[in-house]
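Asker: sequence and predicted structure are below.
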Amino acid sequence: MEPKLPRKLGMIGGTGPEGIGLAIRHGQAGREIVIGSRSQERAEEAASKVLAKVPGATVRGALNEEAAREADLVVNVLPFVAQSETLPKLKDGVGRKILISCVAPLKFEKSGVEAIPVAEGSAAEQAQELLPEARVVGAFQTLSAVNLRNVDHDIAADVLVTSDDAEAKEVVMELCRSIPGLRPIDAGSLANSRYVEQTVALLLGINRRYKGNSELRIVGLPEQAAP
């Protein structure tokens with residue numbers, strides 16, 4: 001039996017390119033979106049950008065606390081440097097909900113993009129420590145923000161999904177399948193999030209050298225891995 005998909009998504013720190021891109025695609029798939037921010041004004045501006053791309057979408061801006069509280073499922077798109085300060089403030093709103101970690105700890109240097117070491121192992125694992133009751137799932141980190149925001153672009157990418165909660169993982173995989181062109185891949189436990197997050201630095205470096213918007217595609221899998 002297919003898992004029940006959440007009706008309303010709360011995008012924590014969702015005003016950046018990745019957050020807006022994910023909101024656009026989930027809005028196209030019929031989800032209700034609440035874009036969260038520390039600033040009500042920035043949240044409303046981001047919601048306007050989504051509506052410009054997806055007229056008729058159900059999307060609005062709110063403070064992060066409200067977005068977490070109202071959501072059926074929470075999507076963490078915070079910059080890594082803001083995560084440890086912000087997530088504990090959302091503990092009551094998140095509760096035992098599924099929280100998707102889209103965060104990749106990166107630093108941008110003139111020489112290129114580097115992955116930031118995380119004491120807990122990964123941003124997703126840190127999120128789990130900060131919100132111990134939440135059902136944390138790593139997903140969507142390797143998707144191109146440029147491609148997500150371009151509604152004329154047909155996405156054809158894999159999403160590596162990691163979690164220690166099998167039921168939560170399946171919900172997120174089904175959420176991926178609701179977006180045309182995305183294929184979820186079960187990438188194992190939450191500890192494997194560190195490898196996924198580090199891959200983002202590699203992809204961005206490739207994009208910089210080739211002036212492109214690369215994404216991840218796993219080949220050689222059996223047919224049951226098809227979307």
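Answerer: On my side now, so go ahead. Worth saying up front: this structure is predicted, and the values here are computed from it rather than measured.
Asker: give me the below-cutoff pLDDT ranges for this structure.
Answerer: Residue ranges of the chain with pLDDT under 70: 1, 224-227.
Asker: mind listing the helices for this structure?
Answerer: Applying DSSP state H to the chain gives helices spanning 17-28, 40-53, 64-70, 80-86, 91-94, 123-130, 145-149, 166-177, 193-210.
Asker: touching the last one from outside, list them.
Answerer: So that's helix 193-210. The contact list for helix 193-210 (Cβ atoms under 8 Å, 6 or more residues apart in numbering) reads 101, 103-106, 112-115, 118, 121-125, 138, 141-142, 144, 160, 162, 187, 212-216. From N, CA and C alone the C-beta is placed, and that goes for glycine too.
Asker: can you tell me which of the residues you listed are in strands?
Answerer: Ser101, Leu106, Gly112, Val113, Glu114, Ala115, Gly138, Leu160, Thr162 (DSSP state E).
Asker: quick one, which of those are buried?
Answerer: Ser101, Leu106, Val113, Ala115, Gly138, Leu160, Thr162 (16 or more other Cβ atoms under 10 Å).
Asker: give me phi/psi at the nearest residue to Ala156 once chain neighbours are set aside?
Answerer: Of all residues beyond its chain neighbours, the one nearest Ala156 is Gly181 (4.9 Å), with distances taken as Cβ to Cβ, 6 or more residues apart in numbering. As for Gly181, its main-chain torsions (degrees, to the nearest 10) stand at phi 90, psi -10.
Asker: show me the contacts for Gly181.
Answerer: Applying Cβ under 8 Å, 6+ apart, we find Gly181 in contact with Asp154, Ile155, Ala156, Ala157, Pro227.
Asker: and what of Gly112?
Answerer: By Cβ under 8 Å, 6+ apart, the residues touching Gly112 are Gly205, Arg208.
Asker: from Asn207, how far off is it?
Answerer: Gly112 sits 11 Å away from Asn207, going by Cβ to Cβ, to the nearest Å.
Asker: with Gln128 instead?
Answerer: From Gln128 across to Asn207, the span is 29 Å (Cβ to Cβ).
Asker: give the contact list for His26.
Answerer: Applying Cβ under 8 Å, 6+ apart, we find His26 in contact with Leu9, Ile33, Leu175, Ile179.
Asker: swap the cut-off to 7 Å and go again
Answerer: His26 makes contact with Leu9, Ile33 under the criterion Cβ atoms under 7 Å, 6 or more residues apart in numbering.
Asker: more neighbours: Gln128 and Asn207, which one.
Answerer: Neighbour count, other Cβ atoms under 10 Å: between Gln128 and Asn207, Gln128 has more, with 26 against 16.
Asker: nearest spatial neighbour of the residue nearest to the spatial centre of the chain, skipping sequence neighbours?
Answerer: Geometric centre of the chain, nearest residue: Cys102, 3.4 Å, by Cα atoms, centre = their mean. In this structure, Cys102 finds its nearest non-sequential neighbour in Phe140, 4.5 Å apart by Cβ to Cβ, 6+ apart.
Asker: cool, Ala62 as well?
Answerer: Spatial nearest neighbour of Ala62, excluding adjacent residues (Cβ to Cβ, 6+ apart): Val34 at 5.2 Å.
Asker: okay, now Ala82: neighbour count?
Answerer: Around Ala82 there are 14 other residues, counting by other Cβ under 10 Å.
Asker: also Ala156?
Answerer: A count of nearby residues for Ala156, using other Cβ under 10 Å, gives 13.
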